[in-house]
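Novice: this one's sequence-less:
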């Protein structure tokens, strides 16, 4: 999720501004190790799945926000590097409510991947409207690319070997990427889909957009509590999954394993 306005600053940047942070590398290592544990059946099956999915989801969140920041940096906002957005550090993208509380709640009770990071972009220094839209587009597009990559083994019939728990966890992680991508492409204020359209709106519409944007994600979440909209949303997600070749029964198994406490 990319939003906000901040004063720009162009100056010499140390290499550390572009290096992956130790925190991100640690999460990436946990993803690899828990993936091996899930693949081999080492230890507790449900704990392995939980660690694999949770760390994989966190990695994808970092990549989502990094994509926003990288395009913003290339488009003229060098301040994103000063704020550490190009280090893939999840703490740099943190917002108390959007980054921690809501994503965790939805992941635990609803099985929905809700990207909750925040990259503050100084839109006034972005070179043109196309680049400004592209900044918003690349975040959910990253989730969609990750979904395709995770589904490839199923689509190509490569889901042999390993444990059933591993493939269920991989399917659930792919499903989370799909939900995140589709949610973020919704064209409403405060969501990447709405921010994508913002540069092309008239000044009057932009003013109205800015009034609603701070509450846009909360409004979207509130809509998902409606049984009708919730059913429609998951119908769309599973339809995309079917097109990609994602086994829906494994998604359900992965969710059950992930929620080891229930």
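Specialist: That came through fine. Just so we're clear, the structure is a prediction, and the values are computed from it rather than from any experiment.
Novice: May I see the buried residues of the strand or helix carrying residue 166?
Specialist: Per DSSP states H and E, residue 166 falls inside helix 164-184. Neighbour counts over helix 164-184 (16 or more other Cβ atoms under 10 Å) mark 165-184 as buried. Glycine gets a C-beta too; all of them are placed from N, C-alpha and C.
Novice: Report the separation between the residue nearest to residue 73 when sequence neighbours are not counted and residue 17.
Specialist: Distances taken as Cβ to Cβ, 6 or more residues apart in numbering place residue 80 nearest to residue 73, at 5.2 Å, with adjacent residues excluded. Distance of residue 80 to residue 17, computed by Cβ to Cβ, to the nearest Å: 9 Å.
Novice: Ok, residue 62 next?
Specialist: Distance from residue 62 to residue 17, by Cβ to Cβ: 15 Å.
Novice: of those two, who's got more company?
Specialist: Taking other Cβ atoms under 10 Å, residue 62 and residue 17 do not tie; residue 62 has more neighbours (24 against 17).
Novice: Spit out the contact partners of that one.
Specialist: Applying Cβ atoms under 8 Å, 6 or more residues apart in numbering to residue 62 gives the contacts 24, 27, 88-90, 93, 117.
Novice: State the pair within these that is farthest apart.
Specialist: With Cβ to Cβ as the measure, no two of the contacts of residue 62 lie farther apart than 27 and 117, at 13.4 Å.
Novice: Mind listing the shared neighbours of the two?
Specialist: Counting by Cβ under 8 Å, 6+ apart, the residues touching both residue 27 and residue 117 are 62, 90.
Novice: Now the contacts of residue 62 in a markdown table, please, with extra columns for distance to residue 209.
Specialist: Below are these laid out as a markdown table (distance: Cβ to Cβ, whole Å):
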| residue | distance to residue 209 |
| --- | --- |
| 24 | 32 |
| 27 | 34 |
| 88 | 29 |
| 89 | 30 |
| 90 | 28 |
| 93 | 23 |
| 117 | 21 |
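Novice: Can you tell me which of those has the lowest confidence score?
Specialist: Going through the contacts of residue 62 one by one, the lowest pLDDT turns up at residue 117, 65.
Novice: need the next SSE after the helix or strand containing residue 106, C-terminal direction.
Specialist: Residue 106 belongs to helix 102-109 when assigned by DSSP H and E. Following helix 102-109 in sequence order, the next helix or strand is strand 119-120 (DSSP H and E).
Novice: could you give me the average pLDDT of that following strand?
Specialist: Here the average pLDDT along strand 119-120 is 88.
Novice: Note down every partner strand of it and its orientation.
Specialist: Applying DSSP bridges, strand 119-120 is found paired with strand 2-3 (parallel).
Novice: could you give the angle of the helix or strand following the partner strand to helix 164-184?
Specialist: On the C-terminal side of strand 2-3, the closest following helix or strand by DSSP H and E is helix 22-40. Here helix 22-40 runs at 130 degrees with respect to helix 164-184, directions being taken by axes from the mean of the first three to the mean of the last three Cα atoms, to 10 degrees.
Novice: which residues are contacting helix 22-40?
Specialist: 42-43, 45, 48-49, 51-52, 55-56, 58-59, 62, 87-91, 161-163, 165-166, 169.
Novice: show me the contacts for residue 189.
Specialist: 209-210, 212-213, 216.
Novice: what's the helix or strand for it?
Specialist: Residue 189 belongs to no helix or strand when assigned by DSSP H and E.
Novice: Tell me how far stretch 204-215 lies from the chain's centre.
Specialist: Here stretch 204-215 shows a centroid-to-chain-centroid distance of 23 Å under the convention Cα atoms, centre = their mean, to the nearest Å.
Novice: Same check on stretch 189-201?
Specialist: 17 Å.
Novice: Span of it from start to end?
Specialist: Stretch 189-201 has an end-to-end distance of 12 Å (criterion: Cα to Cα, to the nearest Å).
Novice: Would you mind listing the buried residues in that stretch?
Specialist: Under 16+ other Cβ under 10 Å, the buried positions of stretch 189-201 are 189-196, 198-199.
Novice: cool, stretch 54-69 as well?
Specialist: Result for stretch 54-69 [16+ other Cβ under 10 Å]: buried residues 54-69.
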